[in-house]
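J.: With the input below, show me the fold.
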Amino acid sequence: MKKIVYILIMLIGCNSFSQGCSDAGICSIGNGFSSAIDSSKNQIEVGNIFGKGLEDVTYISPYISYTRVFNTHFSLTTKITYSQASGSFGTRGNIGDAFLVGNYKFLEKNNKQWSSLLGIKIPFTGSNDKINNFSIPMDYQSSLGTYDLFLGADFKYKKWNFNSTIQIPVINSNANSYFDEYSASNDFPTTNLFERKSDVLFRSMYTFKSKNEKFTYKPNFLFIYHLGNDSYEDIFGNRQKIKDSEGLTINANLISNYKINETNKIELSIAFPVVYREIRPDGLTRSVTLGINYKYSF
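T.: Numbering: from 1, shown residues only. Model (predicted):
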């Protein structure tokens, strides 16, 4: 227990702004590597993520997912998200994205196991929701408005997991129409017809359990690199790069799981940034995220 308290204190000390994970999907998509559901074949997960963003924007982001384990090697997970943002512009909420993720686990040998991941993200909106018919920044949108591809691999050794995933925007349907120069606020960059670059993630995670195996703790660090400067279209129809939107983000995260019984689990998570990109026009800025979910296996 002393170790957990120490880790929490360390995480809480890292309170600065960073790229959040609930919107783009690359952070949570890694959960597909750990989709084992004991002896059950099915799992339903219902959860919510609370976030604190730039300029006092707050987020409530519920989701629901279903996982089907076909055999000891292959499982498939579907997920649907919703997000509501509240701030100086007002409050706006909408359904976000749908995810479909397949995970293949290879045979474990000498406490070592590899697994691979393939997934897609489908947006439900073009990221151009408005408040009182006024265009609003990406920070208030429930989706990035892109069809994305996920490719990943995980290496497990005893209690350690090391995984890496790339998120590639394949089709851009973003129709955002926000111009900073025509807004009363100067807090958010112009994102008219926003185009976003790919992300690469590397995660290191350590898992340990309590003596009665009711509690599981997973402290982990996420390194996310944004592979290039994003861009927008100006009033003359020319595409402009957003300088300094490329770069590294490091998030510290702690996941805590309580096993009620063989079919019911509750999970809590807390995440803070350590390093962040200078400019984050995609609206994924978070100073803290808190998550809670309930899992039912059958």
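
J.: got any ranges where the stretch 151-298 of the chain has weak pLDDT?
T.: Residues of the stretch 151-298 of the chain meeting the criterion pLDDT under 70: none.

J.: Which stretches in it count as strands?
T.: 160-172, 199-206, 208-209, 215-226, 231-233, 239-241, 247-259, 264-275, 285-286, 288-297 (DSSP state E, counting those that start in this stretch).

J.: The third one packs against which elements?
T.: Helices and strands in packing contact with strand 208-209 are listed as strand 215-226; criterion 3 or more Cβ pairs under 8 Å, 6 or more residues apart in numbering; DSSP states H and E. From N, CA and C alone the C-beta is placed, and that goes for glycine too.

J.: what lines up beside the strand it packs on in the sheet?
T.: On the basis of DSSP bridges, the sheet neighbours of strand 215-226 come out as strand 199-206 (antiparallel), strand 208-209 (antiparallel), strand 247-259 (antiparallel).

J.: any chance of those in CSV, with mean neighbour count too?
T.: Shown next, in CSV, are these (neighbours: other Cβ atoms under 10 Å):
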stretch, mean neighbour count
strand 199-206, 18
strand 208-209, 12
strand 247-259, 19
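
J.: mind putting the ones you listed in a markdown table, distance to Asp154 included?
T.: Converted to a markdown table, the strands paired with strand 215-226 look like this (distance: least, Cβ to Cβ, whole Å):
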| stretch | distance to Asp154 |
| --- | --- |
| strand 199-206 | 9 |
| strand 208-209 | 18 |
| strand 247-259 | 15 |
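
J.: mind checking which of the ones you listed is nearest Ile64?
T.: Nearest to Ile64, of all the strands paired with strand 215-226, is strand 247-259, at 18.3 Å by Cβ to Cβ.

J.: relative orientation of the closest one and strand 264-275 in degrees?
T.: Using axes from the mean of the first three to the mean of the last three Cα atoms, to 10 degrees, one finds that strand 247-259 and strand 264-275 are set 160 degrees apart in direction.

J.: could you dump strand 247-259 to PDB, C-alpha only?
T.: What follows is strand 247-259, C-alpha atoms only, in PDB (Å, rounded to 0.1, in the frame of the first residue of the first chain):
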ATOM      1  CA  GLY A 247       6.200  17.000 -30.700                       C
ATOM      2  CA  LEU A 248       6.300  14.800 -27.600                       C
ATOM      3  CA  THR A 249       3.800  14.200 -24.800                       C
ATOM      4  CA  ILE A 250       4.400  12.100 -21.700                       C
ATOM      5  CA  ASN A 251       1.600  11.100 -19.500                       C
ATOM      6  CA  ALA A 252       1.800   9.400 -16.100                       C
ATOM      7  CA  ASN A 253      -1.100   7.100 -15.400                       C
ATOM      8  CA  LEU A 254      -2.300   4.800 -12.600                       C
ATOM      9  CA  ILE A 255      -5.000   2.100 -13.100                       C
ATOM     10  CA  SER A 256      -6.500   0.400 -10.100                       C
ATOM     11  CA  ASN A 257      -8.900  -2.600 -10.400                       C
ATOM     12  CA  TYR A 258     -11.100  -4.200  -7.800                       C
ATOM     13  CA  LYS A 259     -12.400  -7.700  -8.500                       C
END
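
J.: now it, how far from the centre of its chain.
T.: The chain centroid and the centroid of strand 247-259 are separated by 10 Å under Cα atoms, centre = their mean, to the nearest Å.

J.: between that strand and strand 288-297, how many degrees?
T.: Angle, strand 247-259 to strand 288-297, by the same axes, to 10 degrees: 40 degrees.

J.: circling back: tell me which of the strands paired with strand 215-226 lies nearest to Gln167.
T.: Of the strands paired with strand 215-226, nearest to Gln167 by Cβ to Cβ is strand 199-206, at 4.7 Å.

J.: Give me the residues contacting the closest one.
T.: Under the criterion Cβ atoms under 8 Å, 6 or more residues apart in numbering, residues 24, 26-27, 30, 159-167, 218-227 lie in contact with strand 199-206.

J.: one step back: closest to Lys295 out of the strands paired with strand 215-226?
T.: Of all the strands paired with strand 215-226, strand 247-259 comes closest under Cβ to Cβ, at 8.6 Å.

J.: Now the lengthiest strand in the chain: buried residues?
T.: The residue-count maximum for a strand in the chain (DSSP state E) belongs to strand 90-105. Neighbour counts over strand 90-105 (16 or more other Cβ atoms under 10 Å) mark Arg92, Gly93, Asn94, Gly96, Asp97, Phe99, Val101, Gly102, Asn103, Lys105 as buried.
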